[in-house]
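S.K.: just a sequence and a predicted model for now, questions to come.
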Amino acid sequence: MKIKQLSLFIENKPGAMTAPCKLLADAGINIASLTLADTKFFGVLRLIIKDWEQAKELLEKNNFAVRVTDVVAIEVTHEAGSLSNILAMLDGTDLNVEYMYAFAGPNSKAILIFRFDDPDTAVSKLANAEGMRLLNHDALFA
């Protein structure tokens, strides 16, 4: 129940996001979700893309440093307390949330993307939890 996320390392300067986004757009590759984190000189552009293998190949062919990371996608009801409930389920475990981001899904749902230090253990801990659904790649893009 993990999905693949692409992480691109780009310079932290005006216009740096244009080239990778234009490459993907020109190839007809749609970005489902993204987040950008910065440091003083570089940024990490994290992308969730249906055709991630094609996107990775295209970006690497155009000299972008790309890393593929396993993340966990969780669908929850878009209401107060949904994130808190998931985090409470992880209390008392050794799992660390390295980062996370979210986006609105269909039908009053939200999709939470988590990068855990141990995604396999996170999936097993959350697999049968009530009030949420782990999404694999196909379910995320259904």
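M.R.: It's in.

S.K.: packing partners for the biggest strand by length in the chain?
M.R.: Taking DSSP state E as the criterion, the chain has its longest strand at strand 65-77. Packing partners of strand 65-77 (3 or more C-beta pairs under 8 Å, 6 or more residues apart in numbering; DSSP states H and E): strand 2-11, strand 42-49, helix 52-61, helix 82-90, strand 109-116, helix 119-126, strand 132-135. For the C-beta atoms, the positions are set from N, CA and C on the backbone; glycine is no exception.

S.K.: could you dump these to TSV with mean neighbour count, distance to Val68 and mean pLDDT?
M.R.: Output for the helices and strands packed on strand 65-77, formatted as TSV (neighbours: other C-beta atoms under 10 Å; distance: least, C-beta to C-beta, whole Å; pLDDT from 0 to 100):
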stretch	mean neighbour count	distance to Val68	mean pLDDT
strand 2-11	18	5	95
strand 42-49	20	11	94
helix 52-61	16	6	98
helix 82-90	15	24	91
strand 109-116	20	12	95
helix 119-126	17	13	92
strand 132-135	18	18	93
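
S.K.: did I read that right, Cys21 in a helix?
M.R.: Yes: the assignment for Cys21 by DSSP: H, G, I helix; E, B strand; the rest coil puts it in a helix.

S.K.: gap between it and His137?
M.R.: 22 Å (C-beta to C-beta, to the nearest Å).

S.K.: do the same with Asn107
M.R.: With C-beta to C-beta as the criterion, Asn107 and His137 are 20 Å apart.
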